[in-house]
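Asker: sequence-free structure coming up:
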């Protein structure tokens, strides 16, 4: 029986249990995968804490990469020995995982397992934000919060590739340097200045076309105040906590702005959409146009420390668990 990280009760990192969990053979349209690396994401902390309810007990982990060990009935397009990556299904924090073939993507030559595991969930999130939620156009001024984080670094690069001027918030000098390396044009230390006021100053009072906000409670008011007339706040996460209800009249007062709360599942509903987003990301990596920063790797036994580092904002780039 392979080692896995299980949640039997909701709470803080202390509820994470590393133990033995039996994984059976693949069922119809399933792949049995030997996991090489699993991505650590904020959604994992929401599920662990009960913010996003999941039936207990469950094996944590929404994202991973590895090698197909066996295929179930009705599976086409995959065979044992293929390298695959996936996102959006539980079970990644384990040595072996059952993955629906419908969400798996083949990892191309030139992309290693760690990069594939680090890319898919956060990369697809960044992709839908710049390609679908607010399709970034040449000359757009955009605000990216936590610009040195896993999503922030990818989001910055994808927005720059579309011709955006990127304003990015960070909290330390080290993170500021990483954000600049990724292409942020204007780094804003939100621990030193009021970021909304700084956004207005840097844009000549106009504001940004879109604020990509995965932080939530502590930034939402400033994000709204940073928008230009008819701008958009894309609130795609809540790293600092859930956002209280917002009076729609505030959107009027802010300049007829738009507020959306998108999620990745609604942007990967079909095989065609999964392949489109994953294909563009893998192409960007293999061509050198997109760099994936892995900020830390942890054995499964150190999963609690990985969650503490993520929630304590002590990490940059992507965190991985290595079964």
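Answerer: Yes, it's here. Remember, predicted model here, so these are calculated numbers, not experimental data.
Asker: residues contacting the residue nearest in space to the middle of the chain?
Answerer: Among the residues of the chain, the one closest to the centroid is residue 122, at 2.7 Å (C-alpha atoms, centre = their mean). Applying C-beta atoms under 8 Å, 6 or more residues apart in numbering, we find residue 122 in contact with 39, 41, 150-151, 154, 318. Any C-beta I mention is one placed from the backbone N, CA and C, and that applies to glycine too.
Asker: in helices, which of these appear?
Answerer: Per DSSP state H, helices hold the following members of the contacts of residue 122: 150-151, 154.
Asker: switch these over to CSV; also include pLDDT, distance to residue 218 and neighbour count.
Answerer: Listed next are these as CSV, based on pLDDT from 0 to 100; distance: C-beta to C-beta, whole Å; neighbours: other C-beta atoms under 10 Å:
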residue, pLDDT, distance to residue 218, neighbour count
150, 90, 18, 30
151, 94, 16, 25
154, 97, 22, 30
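Asker: helix or strand for residue 169, which one?
Answerer: Under the criterion of DSSP states H and E, residue 169 resides in strand 165-170.
Asker: quick one: residues in contact with that strand.
Answerer: Contact with strand 165-170 is made by 139-148, 152, 156, 159-160, 176, 178-179, 183-190, 195, 199, 202-203, 208, 219, as judged by C-beta under 8 Å, 6+ apart.
Asker: where exactly do the strands run in the stretch 151-300 of the chain?
Answerer: With strands called from DSSP state E, counting those that start in this stretch, the stretch 151-300 of the chain shows them at 165-170, 186-189, 208-213, 227-235, 258-260, 294-299.
Asker: using a markdown table, lay out those strands together with mean pLDDT.
Answerer: Converted to a markdown table, the strands of the stretch 151-300 of the chain look like this (pLDDT from 0 to 100):
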| stretch | mean pLDDT |
| --- | --- |
| strand 165-170 | 98 |
| strand 186-189 | 98 |
| strand 208-213 | 98 |
| strand 227-235 | 98 |
| strand 258-260 | 98 |
| strand 294-299 | 94 |
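Asker: of those, give the one that comes closest to residue 63.
Answerer: strand 294-299 (13.2 Å; C-beta to C-beta).
Asker: other SSEs contacting that closest one?
Answerer: Applying 3 or more C-beta pairs under 8 Å, 6 or more residues apart in numbering; DSSP states H and E, one finds that strand 294-299 contacts helix 113-128, helix 303-311, strand 318-322.
Asker: between the last one and strand 294-299, how many degrees?
Answerer: Interaxial angle, strand 318-322 versus strand 294-299 (axes from the mean of the first three to the mean of the last three C-alpha atoms, to 10 degrees): 20 degrees.
Asker: what of the first one?
Answerer: Angle, helix 113-128 to strand 294-299, by the same axes, to 10 degrees: 130 degrees.
Asker: show me what the helix or strand that comes right after helix 113-128 pairs with in its sheet, parallel or antiparallel.
Answerer: Moving toward the C-terminus from helix 113-128, the next helix or strand (DSSP H and E) is strand 141-144. Paired neighbours of strand 141-144 in the sheet (DSSP bridges): strand 165-170 (parallel), strand 208-213 (parallel).
Asker: turn those into TSV, including distance to residue 268 and mean neighbour count.
Answerer: What follows is the strands paired with strand 141-144, written out as TSV (distance: least, C-beta to C-beta, whole Å; neighbours: other C-beta atoms under 10 Å):
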stretch	distance to residue 268	mean neighbour count
strand 165-170	25	26
strand 208-213	18	28
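Asker: and those strands as a markdown table, adding distance to residue 259?
Answerer: Output for those, formatted as a markdown table (distance: least, C-beta to C-beta, whole Å):
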| stretch | distance to residue 259 |
| --- | --- |
| strand 165-170 | 19 |
| strand 208-213 | 10 |
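Asker: residue 34 should be in a strand, yeah?
Answerer: Yes. Checked against DSSP: H, G, I helix; E, B strand; the rest coil, residue 34 lies within a strand.
Asker: who's it bridged to?
Answerer: As for beta bridges, residue 34 partners with residue 67, residue 96 under DSSP bridges.
Asker: list the contacts of the closest residue to residue 311 other than its chain neighbours.
Answerer: Residue nearest to residue 311 in three dimensions, not counting chain neighbours: residue 45, with 5.8 Å by C-beta to C-beta, 6 or more residues apart in numbering. Counting by C-beta under 8 Å, 6+ apart, residue 45 touches 307, 310-311.
Asker: most surrounded residue in those residues?
Answerer: Within the contacts of residue 45, most neighbours by other C-beta atoms under 10 Å means residue 307, with 25 neighbours.
Asker: once you drop chain neighbours, what's closest to that one?
Answerer: Per C-beta to C-beta, 6+ apart, closest to residue 307 is residue 13, 4.3 Å.
Asker: correct me if wrong: the one you found contacts residue 308.
Answerer: Yes. Counting by C-beta atoms under 8 Å, residue 13 touches residue 308, with 5.3 Å between them.
Asker: for this protein, which spans come out with low pLDDT?
Answerer: 1-2 (pLDDT under 70).
Asker: what pairs with residue 259 across the strands?
Answerer: Residue 259 has the following beta-bridge partners by DSSP bridges: residue 233.
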